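# I need the structure of the sequence given here:
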Amino acid sequence: MGEGRKLLHNSWSKWTSKCLGGQSEQVRKTEREKSFMTNGAILLEDLIPSSNGKCNPIRNFSAEELIRATNNFDESRIIQICSLFKQNQIIVDELDDTDRVTYAMYKGSLDDRPIIVKKFTDSQDDRQIIVKKFTKFSSWESDKVRSFPIRDIVIATQMSNHKHVLKLLGCCLEFPIPALVYEYAANGALNDQGGFGDDELLPWKIRLRISKELANALTYLHTALRRPVIHRDIRPSSIFLDKNFVPKLCNFSVSITIPLHETHARDDLEDTFGHSDPDSLASGFVTEKSDVYSFGVLLLVFLTGKKATGTLRLEGKYHSLIRYVEDHVQNEQVTEIVDPNILREGGGDGQAQQVEAFLALALACTQEKGEKRPDMIDVAKELMRIDKSI
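Down below sits the predicted model:
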């Protein structure tokens, strides 16, 4: 072990005592303790430049606590399974095309309160996540997969005080790949059509309010931290709803920080199922406008009640929600793209004007070229104006 990593191990032990209430007993030669020290050193290495030396206290959960909380990560506790890939295009593109970097969200109970536990794995079949919870990775693979939850923790600790971000309660570093523990969100994640549950619908006013509140959270992410952070994975599965349908943004696993004195960051990019910025995919540069594009697609999902990709192929010529919407707008067929459930609400002229303005904003956000899109702060202001218009 190099001197730098030794120093990080020592610093990590001190940091956990202050912020995580770490382990007081002498480090034993066990797999969990080795994982704790390895993960902790890497986490601290990322936290120092991101947090400007300030401690963001979160709780350190033991592996035993999370195993009890989720009944040993029982299949029945799974509330969401997501993969960080598109078809065979892996974010960690050096991995074999049959592999997946996958995480599952489990409902748990700890100290008589409900929680959500996020656990990463790799799997060729999402169903195998149930039996591969504690898969041993090679050292190289572990480092690659570990980077996702570490990044998630680093950003989430800085965002957890925002009321529209799923609050990170703590993490467990005793597994080979760290696990994250969040507050519970009673209504789960948005589904692909912008509703909740299997097929539950949201009224127009709630869709509009959720959009406004998410724009506020993204504006904070872009402007309020030490350096701008780009979420890079804005889609329904990254948004949870509490019991009052208040949106909670989560999943910062692939977020990226814009370097000092720069307006963009270069990184290997992935297509997140129709939500990704084509300008960034073509150039290889991530900017704040990349999130604006993805958010615009999300607005169209709310407006139409359709998935970003997939189902539209049934109409014969549309391969993305944006192309579908643009074609109907050009042919002055706006009412045909609006979710019929919104139209059936009968909100009158006021609601019709809101829908029209909402559509115009979504189309502005999804302009092909990033420089033609509004900044997220302007998107938030416009959504606030639309919400207050009636």
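
# Which strand or helix spans the closest residue to residue 58 other than its chain neighbours?
Excluding its sequence neighbours, the residue lying closest to residue 58 (Cβ to Cβ, 6 or more residues apart in numbering) is residue 170, at 4.5 Å. No exception for glycine: its C-beta is placed from N, CA and C like everyone else's. Using DSSP states H and E, residue 170 sits within strand 168-172.

# May I have that strand exported as CSV, CA atoms only?
Provided in CSV are the C-alpha atoms of strand 168-172 (Å, rounded to 0.1, in the frame of the first residue of the first chain):
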residue,chain,number,x,y,z
LEU,A,168,-29.3,10.2,2.2
LEU,A,169,-29.4,8.9,5.8
GLY,A,170,-26.1,7.1,5.6
CYS,A,171,-24.1,4.3,4.0
CYS,A,172,-22.6,0.9,4.6
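
# Return the backbone torsion pair for residue 182.
Per-residue torsions, residue 182: phi -120, psi 160 (degrees, to the nearest 10).

# what's the helix or strand hosting residue 328 packed up against?
Using DSSP H and E, the element containing residue 328 is helix 321-330. Here helix 321-330 touches helix 288-304, helix 334-337, helix 348-365, going by 3 or more Cβ pairs under 8 Å, 6 or more residues apart in numbering; DSSP states H and E.

# cutoff 7 Å now
Helix 321-330 sits against helix 288-304, helix 334-337, with contacts defined as 3 or more Cβ pairs under 7 Å, 6 or more residues apart in numbering; DSSP states H and E.

# if we can go back for a sec, can you give me the neighbour number for the residue nearest to residue 58?
22 (other Cβ atoms under 10 Å).

# swap in residue 331?
9.

# for it, phi and psi?
Backbone torsions of residue 331, given as degrees, to the nearest 10, read phi -90, psi 10.

# Give me the pLDDT value at it.
On pLDDT, residue 331 comes in at 89.

# Likewise for the one 3 residues further on?
In the predicted model, residue 334 carries a pLDDT score of 90.

# From residue 300, how far out is it?
From residue 334 across to residue 300, the span is 12 Å (Cβ to Cβ, to the nearest Å).

# The two - which one has more neighbours?
residue 300 (26 against 15).

# got a list of what that one touches?
321, 322, 325, 362 (Cβ atoms under 7 Å, 6 or more residues apart in numbering).

# so what's the last one up against?
Residues in contact with residue 362 (Cβ under 7 Å, 6+ apart) are 296, 299, 300, 303.

# Now for the residues you listed: which two are most distant?
296 and 303 (10.5 Å; Cβ to Cβ).

# weakest of the helices and strands packed on helix 321-330 in terms of mean pLDDT?
Across those, helix 334-337 gives the lowest mean pLDDT, at a mean of 92.

# Would you point to the one among the helices and strands packed on helix 321-330 that's packed deepest?
Per residue and on average, the most neighbours among the helices and strands packed on helix 321-330 fall to helix 288-304, with a mean of 25 (mean count of other Cβ atoms under 10 Å).

# And for the residue most central in space within the chain, nearest residue in space, chain neighbours not counted?
In the chain, the residue lying closest to the centroid (Cα atoms, centre = their mean) is residue 251, at 2.6 Å. Once flanking residues are discounted, residue 251 sits nearest to residue 238: 4.2 Å by Cβ to Cβ, 6+ apart.

# okay, now that neighbour: neighbour count?
24.

# do the same with the one 3 residues further on
Other residues within reach of residue 241, judged by other Cβ under 10 Å, total 21.

# from what I can see it touches residue 185, true?
Yes. Contact criterion Cβ atoms under 7 Å: residue 241 and residue 185 qualify, at 6.0 Å.

# How far away from the center of its chain is the helix or strand containing residue 205?
Using DSSP H and E, residue 205 sits within helix 204-223. Taking Cα atoms, centre = their mean, to the nearest Å, one finds helix 204-223 lying 14 Å from the centre of the chain it belongs to.

# Likewise for stretch 337-344?
28 Å.

# Next: stretch 34-44.
Counting by Cα atoms, centre = their mean, stretch 34-44 comes out at 23 Å from the chain centroid.

# Could you do stretch 379-390 as well?
On Cα atoms, centre = their mean, the centre of stretch 379-390 falls 24 Å from that of its chain.

# Which positions within that stretch qualify as buried?
Under the neighbour-count criterion of 16 or more other Cβ atoms under 10 Å, stretch 379-390 has 379, 380, 381, 382, 383, 386, 387 buried.

# Against which helices or strands is the helix or strand where the third one lies packed?
Looking back up the chat, that one is residue 381. Residue 381 is part of helix 376-388 when elements are defined by DSSP H and E. Secondary-structure packing of helix 376-388 (3+ Cβ pairs under 7 Å, 6+ apart): helix 204-223, helix 288-304, helix 348-365.
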